[in-house]
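Peer 1: Predicted coordinates and the sequence they were generated for:
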Amino acid sequence: MGHTIIYPAIRAVEHAVTRSGAHPVRIFPVLWPLWQVEVTADLYEEQAYEVIDRYLIRAIADGGLTTAGELSTFFGLDRSLVERCLHFLAIMGHVSTTGDGIVRLTDLGIRSHREGVRYALRRESRRKLLFERFTGQPLPRSHYDGSVSILDIPTVSKEMLADGTRFRPMFALTPFTGKLITDLAARPDRAAYNVPVQLTEVRDVRPQEAYLPTYLIETIKGTLLAYTAANRERDSFLEGVLNQVPEARARVEAESRLDERSLWREWLADSGYGHGTLVRAAHGGWRVVLPARIYGSGGKIPLSRVGSFQLRKNHFLQLWCQDERLRVRAAHERALGMARQREVRTRWDLEQRLTDLAAQLDIEIPTIASLRTYAQQNGLRDRLAHLDALE
């Protein structure tokens with residue numbers, strides 16, 4: 001359904017640490033099983049009723065009038081005018097007339113009367129609908145955004161990865177049934193699940209397996225948080241599903257719990273970063289404190305990684321420096337990079353991210369003005385241009 005770059009696992013970890021209010025301990029990248037269903041349907045256009053048409057429809061629906069003669073007499077209109085209007089409404093599919101002249105509303109006519117608009121068939125529409133495969137629930141419209149990768153096969157190509165994350169597929173044996181489509185089409189809130197109210201007569205259903213790249217994050221209390229590209233925050237829809245799917249819990253519990261201190265001591269010894277101190281952070285996770293000289297152009301770690309996380313065997317470690325001025329510089333570097341992201345269109349979008357970034361780096365919240373000053377002082381003209389282009 002798309003080949004968008006899958007957003008990095010570190011972004012999910014950063015949110016879980018700074019915004020979830022929980023104590024996250026492990027991350028599990030999985031491919032969540034879906035049904036991707038291609039359907040054909042009739043798409044109707046909403047139009048305003050002509051005055052006479054509206055009253056004729058109301059008289060048939062609410063007044064029990066069933067012939068052109070009765071309608072003509074009731075409204076005091078010329079019968080030929082009424083017959084022309086009924087003929088037009090028949091062409092529109094709103095009324096039907098029997099051989100003995102009895103006029104009745106069609107299903108489309110009843111629906112148009114009920115909703116106060118005249119629906120006119122515009123064209124045949126083909127679209128894809130998504131269903132969660134364990135429970136059969138339809139996915140919300142947010143999961144249809146172009147930034148969300150829906151995979152046709154349970155593997156992720158290298159060009160789709162922003163990092164080296166390995167996703168493991170989950171499989172559901174629940175078969176697809178046409179009832180999923182009919183139930184969705186009957187829901188009054190179906191527009192929230194990518195089925196507009198103007199869409200009717202869904203048919204020609206063609207299901208196929210699909211997969212949604214997902215990060216499951218386990219907290220110290222054993223609860224699971226879910227992150228996908230469909231939401232900047234946690235994926236509340238998928239978290240609701242998690243409570244109904246024991247397979248997700250089994251997937252997490254199948255992975256052995258490691259001694260985190262030993263895990264990160266080994267990593268630090270192999271990293272080439274030299275001496276570092278392992279400590280528990282306020283968010284409950286592990287943090288490695290490294291000297292300022294390790295970061296930046298003269299060091300071994302990019303400045304933008306200060307305060308970010310290192311992933312290893314489903315666990316994560318925060319890279320840290322006690323030098324607050326260095327952390328402030330790192331925040332400005334990262335914030336200017338955020339201003340270039342496709343989903344950051346306004347200053348408000350960026351300011352929301354600055355709040356999270358400040359919490360992650362334990363500094364005061366940077367301002368748009370301070371970002372401009374930093375970009376000017378460091379000759380970052382391209383980034384300054386992106387910053388100034390924000391609405």
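Peer 2: Ah, there it is. Residues are numbered from 1 along each chain as shown.

Peer 1: what's the helix or strand for the most centrally placed residue in the chain?
Peer 2: In the chain, the C-alpha nearest the mean C-alpha coordinate belongs to A230, at 1.8 Å (CA atoms, centre = their mean). Assessed by DSSP states H and E, A230 sits outside every helix and strand.

Peer 1: Pretty sure it sits against D145.
Peer 2: Yes: using CB atoms under 8 Å, A230 is in contact with D145, at 6.4 Å. Where you see a C-beta, it was placed from the backbone N, CA and C, and this is true even at glycine.

Peer 1: what about the helices in the protein?
Peer 2: Ranges of helices in the chain, per DSSP state H, are 9-19, 51-62, 68-75, 79-91, 107-115, 179-186, 236-242, 246-253, 260-271, 324-338, 347-361, 368-377, 381-388.

Peer 1: so what's L199 closest to, chain neighbours aside?
Peer 2: Leaving out its chain neighbours, the residue that sits closest to L199 by CB to CB, 6 or more residues apart in numbering is A41, at 4.7 Å.

Peer 1: For the one you found, give its distance to S112.
Peer 2: 17 Å (CB to CB, to the nearest Å).

Peer 1: So which of those two has more stuff around it?
Peer 2: Neighbour totals were compared for A41 and S112, and S112 leads with 27 against 20 (other CB atoms under 10 Å).

Peer 1: give the contact list for the more buried one.
Peer 2: Y49, I57, H94, R118, Y119 (CB atoms under 8 Å, 6 or more residues apart in numbering).

Peer 1: Over to L34?
Peer 2: Neighbours of L34 in contact, by CB under 8 Å, 6+ apart: L130, F131, E132, R133, L139, I150, E209, A210, Y211, L212.

Peer 1: could you measure it against I57, distance?
Peer 2: Going from L34 to I57 by CB to CB gives 41 Å.

Peer 1: what does Q322 give?
Peer 2: Using CB to CB, Q322 is found at 75 Å from I57.

Peer 1: now L129
Peer 2: 32 Å.

Peer 1: re the thing from before, and Q322 and I57? Which one has more around it.
Peer 2: I57 (21 against 11).

Peer 1: Leaving out chain neighbours, which residue sits closest to the more buried one?
Peer 2: H113 is the one closest to I57 (CB to CB, 6+ apart), at 5.2 Å.

Peer 1: my read: the one you found touches L105, true?
Peer 2: Yes: contact criterion CB under 8 Å: H113 and L105 qualify, at 6.7 Å.

Peer 1: Find residues that contact each of those two.
Peer 2: I57, A61.

Peer 1: so where's the stretch 201-350 of the chain uncertain?
Peer 2: Applying pLDDT under 70 to the stretch 201-350 of the chain flags no residue at all.

Peer 1: residues in contact with the residue nearest to T355 when sequence neighbours are not counted?
Peer 2: Nearest residue to T355, sequence neighbours excluded (CB to CB, 6+ apart): I365, at 5.8 Å. Counting by CB under 8 Å, 6+ apart, I365 touches L354, T355, A358.

Peer 1: between the residues you listed, which has the most around it?
Peer 2: L354 leads those on contacts (other CB under 10 Å) with 21 neighbours.

Peer 1: how much space between that one and I363?
Peer 2: From L354 to I363 the distance is 10 Å (CB to CB).

Peer 1: just Q208 next, same as before
Peer 2: Q208 is 48 Å from I363, by CB to CB.

Peer 1: which of those two has more neighbours?
Peer 2: Neighbours were counted for Q208 and for I363 using other CB under 10 Å; I363 has more, 16 against 12.

Peer 1: Kindly tell me how buried Y55 is, as a neighbour count.
Peer 2: For Y55, the neighbour count with other CB under 10 Å is 17.

Peer 1: what's the closest non-adjacent residue to it?
Peer 2: Distances taken as CB to CB, 6+ apart put F75 closest to Y55, at 6.6 Å, once the chain neighbours are dropped.

Peer 1: excluding its backbone neighbours, what's nearest A48?
Peer 2: R118 is the one closest to A48 (CB to CB, 6+ apart), at 6.7 Å.

Peer 1: Could you check how far the one you found is from W320?
Peer 2: Taking CB to CB, one finds R118 at 64 Å from W320.

Peer 1: Ok, G307 next?
Peer 2: 7 Å.

Peer 1: who's more crowded, those two?
Peer 2: The neighbour count for G307 versus W320, taken as other CB under 10 Å, is higher for G307 (25 against 20).

Peer 1: The more buried one: what's it in contact with?
Peer 2: Here G307 is in contact with Q318, L319, W320, R327, A330, A331, Q360, L361, D362 (CB under 8 Å, 6+ apart).

Peer 1: Could you do H315 as well?
Peer 2: Taking CB under 8 Å, 6+ apart as the test, what H315 contacts is V25, R26, I27, L258, E260, L263, W264, W286.

Peer 1: Distance of L34 relative to P175?
Peer 2: Counting by CB to CB, the separation of L34 from P175 is 14 Å.

Peer 1: same deal with L81?
Peer 2: On the measure of CB to CB, L81 and P175 end up 56 Å apart.

Peer 1: Same drill for these two, tell me which one is more crowded.
Peer 2: L81 (13 against 9).

Peer 1: out of everything not next to it in sequence, what's closest to R206?
Peer 2: E38 (4.5 Å).

Peer 1: hmm, back to that, between the helices of the chain, which gets nearest to I301?
Peer 2: Ranking those by proximity to I301 (CB to CB) places helix 260-271 first, at 9.2 Å.
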